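Enquirer: Give me the fold of what follows.
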Amino acid sequence: MSKIRVGIIGVGNCASSLVQGTYYYKKARETDKIPGLMHVNLGGYHISDIEFSAAFDIDRNKVGQDLGKAIYTAPNCTTRFADVPLLGVKVHRGMTHDGLGKYLSEIIEKSPGPTDDIVGILKETKTQVVINYLPVGSEEATKWYVEQILDAGCALVNCIPVFIAREQYWQNRFRKKGLPLIGDDIKSQVGATILHRTLANLFMDRGMPIDRTYQLNVGGNTDFLNMLERSRLESKKISKTNAVTSQIKKRGLSISDNDIHVGPSDYVPWLKDNKVCFLRIEGRHFGDVPMNVEVRLSVEDSPNSAGVVIDAVRIAKLALDKGISGTIEGPSAYFMKSPPIQYNDFEAYNLTEKFIQENALPKENPKTAKKS
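Expert: From the prediction side, this is the model:
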């Protein structure tokens, strides 16, 4: 069974939880039920088959460090649930462009020197799948990195709300190169978006119209600090809002822009990597009698998405193995907030399982397998 060589753009909290998770579960049995993962062995790839080959950042305190050390370096503040050893993977100096916003620049000092040779590094390290963890609002930086990824011949898992996988232009570029793409904007295991979608579908399943709804999120990690710069929020708000309104539109219903608000609300430093969501839906019973539901959700933000990314990476590798290119629609709909096609979560789950079954690695024949 081959390994999956993975590169990371942006060594922040999400990268920390991802790297920790691969070590925390590296000895998991295939019969184990792991929170946040579809399967321990997904289509022939175990969690332990993921190995990190390259990493890029612009933070002076992380560039030049081993990835196993950089994931614990401030301002990273997510929970440390695994002790990752030094990995022999250097964090290289990445491209800045618009990746360092007004508020992040107050706590992050940009590493001196030029951008490293991204394409050369990805090729030299035999990286197969690249994960984009750049800060929200990094439109130009993301598009620049996507060009490098295409030139290097890697698959992409785009975890941020810069629209790549859902755009025809980028779909065609990846298809022409024979490379798979999963995106855009990662959905957490049980986060604000998936909860909001589920409640909205519950209302509609029970024949109850939704008149108004909001989702307000606060947190204390660098993602929330970065999003204090409201000009960086346009794609994030589109992504999170569309994840909910798409479910309403699929039922032939509608909700006006003035009656839905979804998005980050504020930065509370002492919350660190904890995110708190306040969610309200207003509807009507029979006889147009009004009702409402309010929910408060509290989650550790970065581990909440790490398992989803592990599954997305393994599916990207299966697509590479089978020569499947362009946006992988079913898995993108299941793992991401802004895929090219919005299915409901049950449909997206079934499409993803179907993709795994149809593209799984052939099982080793025990009669011909070599004895260890």
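
Enquirer: From here on, just use CA atoms for contacts and neighbour counts.
Expert: Fine.

Enquirer: What lies in contact with stretch 152-161?
Expert: By C-alpha atoms under 8 Å, 6 or more residues apart in numbering, the surrounding residues in contact with stretch 152-161 are 119-120, 122-123, 127-137, 146, 149, 164-165, 177, 179-186, 235-236, 239, 309, 312-313, 316-317, 320, 336, 338.

Enquirer: Among the residues you listed, which lie within strands?
Expert: 129, 130, 131, 132, 180, 181, 182 (DSSP state E).

Enquirer: Turn those residues into JSON lines, including pLDDT and distance to residue 343.
Expert: Compiled in JSON lines, those are given as follows (pLDDT from 0 to 100; distance: C-alpha to C-alpha, whole Å):
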{"residue": "129", "pLDDT": "98", "distance to residue 343": "25"}
{"residue": "130", "pLDDT": "98", "distance to residue 343": "25"}
{"residue": "131", "pLDDT": "98", "distance to residue 343": "23"}
{"residue": "132", "pLDDT": "98", "distance to residue 343": "23"}
{"residue": "180", "pLDDT": "98", "distance to residue 343": "20"}
{"residue": "181", "pLDDT": "98", "distance to residue 343": "18"}
{"residue": "182", "pLDDT": "98", "distance to residue 343": "15"}
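
Enquirer: Of the contacts of stretch 152-161, just the buried ones, ChimeraX syntax please.
Expert: Buried subset of the contacts of stretch 152-161, written as a ChimeraX selection, criterion 16 or more other C-alpha atoms under 10 Å:
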select :119,122,123,127,128,129,130,131,132,133,134,135,136,137,146,149,164,165,179,180,181,182,183,184,185,186,235,236,239,309,312,313,316,317,320,336,338
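
Enquirer: So which helix or strand of this protein has the lowest pLDDT on average?
Expert: strand 260-267 (a mean of 88; mean pLDDT, DSSP states H and E).

Enquirer: Output the contacting helices and strands for it.
Expert: Packing partners of strand 260-267 (3 or more C-alpha pairs under 8 Å, 6 or more residues apart in numbering; DSSP states H and E): strand 210-219, helix 222-226, helix 234-249.

Enquirer: One more pass at 6 Å, please.
Expert: In terms of contacts (3 or more C-alpha pairs under 6 Å, 6 or more residues apart in numbering; DSSP states H and E), strand 260-267 is packed against strand 210-219.

Enquirer: got the CA coordinates for the strand it packs on in CSV?
Expert: What follows is strand 210-219 as a C-alpha-only set of coordinates in CSV (Å, rounded to 0.1, in the frame of the first residue of the first chain):
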residue,chain,number,x,y,z
ILE,A,210,-38.6,29.6,7.7
ASP,A,211,-39.2,33.3,8.0
ARG,A,212,-35.9,34.6,9.4
THR,A,213,-32.7,33.1,10.6
TYR,A,214,-29.2,34.1,11.9
GLN,A,215,-26.0,32.4,12.8
LEU,A,216,-23.5,34.5,14.8
ASN,A,217,-20.0,33.1,15.5
VAL,A,218,-17.3,34.3,18.0
GLY,A,219,-13.9,32.8,18.7
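
Enquirer: residues in contact with it?
Expert: Strand 210-219 is contacted from outside by 259-268, 271, 274-283, using C-alpha atoms under 6 Å, 6 or more residues apart in numbering.
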